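In: Predicted model and sequence follow; I will ask about them next.
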Amino acid sequence: MIIRNVIFILTLLFANNLLAHELSTTFVAAELSDDGSLNGQVKLDVLDLKEVLTLDINANGELTWGEIEASTEIIQNYISNGLRFFADKEQCMLNVNNQLELQELTGVTYLVLPFSSQCPQMSQLSFEYSLLFDAAANHKAIFSLRVESEQHVFIVDDQNVRNSIDVSVNKSSSWATFGAFIYQGIFHILIGLDHILFLLTLLLTICLYRQVNEWKDIESKKVIIRKTLVIITSFTIAHSITLSGTALGIIPVMGSWIEVVIAASILFNVINNLFPMIKNLGLITFIFGLIHGMGFAGALSEFGFTKEHQLLSVLGFNLGVEIGQLGLLVVLLPILLWLRKSNYYKWYGMQLFSLLVGGLAIYWILERW
């Protein structure tokens, strides 16, 4: 029975990593100045980069920082060939900086490289992107190009590798920005294992009720759906408050301790599953949802947005989080409805799975402290 739970949580971890691979994303941010200078940076998923370049020099299956540094020239050439800018029809020669940096973003390790270029006078700025499509079939790149006060946002896939901006008009698309941040919200929730496990540990008992120190299954699906709606609505309202407030500067940024509290919220759910103290799961969800919203805001700030599209970016990101959350619910709820009839799940399964998640939560607390 313990083995079944271990296999289940390992499957969840594997699925999360697989999902992260399927949501493979590169971030490119650049600014075009009046004198034609173009400065920016590109963030590439290290694991995706490893798929297309031979970075593991000693072929031992472990990529080290030393191996990445030793491959700097290879990485620079790869980016120069796969990321090109054009002033009208003339290519702007790209200079990729050799100052490498690693950055952790929503649980994914990115290699960050600055770049610069000097473009001639132009009426149209175009770019071509062809990086990492060989690493993941569904790979996308999110481009954020700033021209004067306007921010232009593009989602690039292998079907639209070339895009352009009419510099003379310089009018950005609000809908393109909105769509890009919806995608980023979905991306964040689906690869954020801590957010997923927080919701999962809340939902583990959603189909059960406690009677004389035993878990019993709830017969009525209407009751289960109503309880689920309370949890999801509470989480949505709570994280929307702090996500919007923090992103818009109304609520101050709380710092890295938020990540510790997010891990602690999972551990609290686990303890409440094993030793039920609070029956009002909506209240727990709302309180900790406020904390998770601050975590979402931290991720949103990493993606970056301008004041011109500030509200639209926040709304899009928030909507993306909700879409991702509902997608998870569509998968999890039928499984939990089926499991509620199992005596093994009621007597051992839920508890053992909670313990395993609790161990992971403790590890995260210590790691993030």
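Out: Cool, the structure landed.
In: Please make it C-alpha for all contacts and neighbour counts, starting now.
Out: OK.
In: Now do the phi/psi pair for F85.
Out: phi -120, psi 150 (degrees, to the nearest 10).
In: how deep is the closest residue to it other than its chain neighbours tucked in, by neighbour count?
Out: Among residues not flanking F85 along the chain, F127 sits closest, at 4.3 Å (Cα to Cα, 6 or more residues apart in numbering). The local packing of F127 (other Cα atoms under 10 Å) involves 17 other residues.
In: Pairing-wise in the sheet, spell out the partners of F127.
Out: Here F127 sits in beta bridges with F85, N163, as judged by DSSP bridges.
In: how near is it to F178?
Out: 21 Å (Cα to Cα, to the nearest Å).
In: Surely the residue nearest to F85 touches N163?
Out: Yes. Under the criterion of Cα atoms under 8 Å, F127 is in contact with N163, at a separation of 5.7 Å.
In: Thought A247 was touching V314, still the case?
Out: Yes. The criterion here is Cα under 8 Å, and V314 meets it with A247 at 7.0 Å.
In: what residues are shared contacts of the two?
Out: Common neighbours of V314 and A247, using Cα atoms under 8 Å, 6 or more residues apart in numbering, are L300.
In: Do a quick rundown of the helices in the stretch 201-350 of the chain.
Out: Listed in chain order, the helices of the stretch 201-350 of the chain (DSSP state H, counting those that start in this stretch) span residues 221-247, 257-274, 281-303, 310-339, 343-344, 350-368.
In: Show me what the shortest one is packed against.
Out: Applying 3 or more Cα pairs under 8 Å, 6 or more residues apart in numbering; DSSP states H and E, one finds that helix 343-344 makes contact with no other helix or strand.
In: what mean pLDDT does it have?
Out: Mean pLDDT, computed over helix 343-344, is 88.
In: Would you quantify the distance from the closest residue in space to I75 that isn't next to it in sequence to A137?
Out: Nearest residue to I75, sequence neighbours excluded (Cα to Cα, 6+ apart): L53, at 7.9 Å. To A137, L53 is 16 Å away according to Cα to Cα.
In: Check E214 too.
Out: Distance, E214 to A137, by Cα to Cα: 47 Å.
In: for L360, same thing?
Out: Per Cα to Cα, L360 is found 31 Å from A137.
In: coming back round to it: least confident of the helices of the stretch 201-350 of the chain, on average?
Out: helix 281-303 - the lowest mean pLDDT of these, at a mean of 84.
In: and that helix with helix 310-339, angle?
Out: 140 degrees (axes from the mean of the first three to the mean of the last three Cα atoms, to 10 degrees).
In: Could you list every helix and strand in contact with helix 281-303?
Out: helix 193-203, helix 221-247, helix 257-274.
In: Show me what the second one is packed up against.
Out: In this structure, helix 221-247 packs against helix 281-303, helix 310-339, with contacts taken as 3+ Cα pairs under 8 Å, 6+ apart.
In: Phi first, then psi, for T25.
Out: Phi and psi for T25, reported as degrees, to the nearest 10, are phi -140, psi 140.
In: Could I get the contacting residues of it?
Out: L44, D45, H139, K140, A141, I142.
In: I appreciate the help and will end here.
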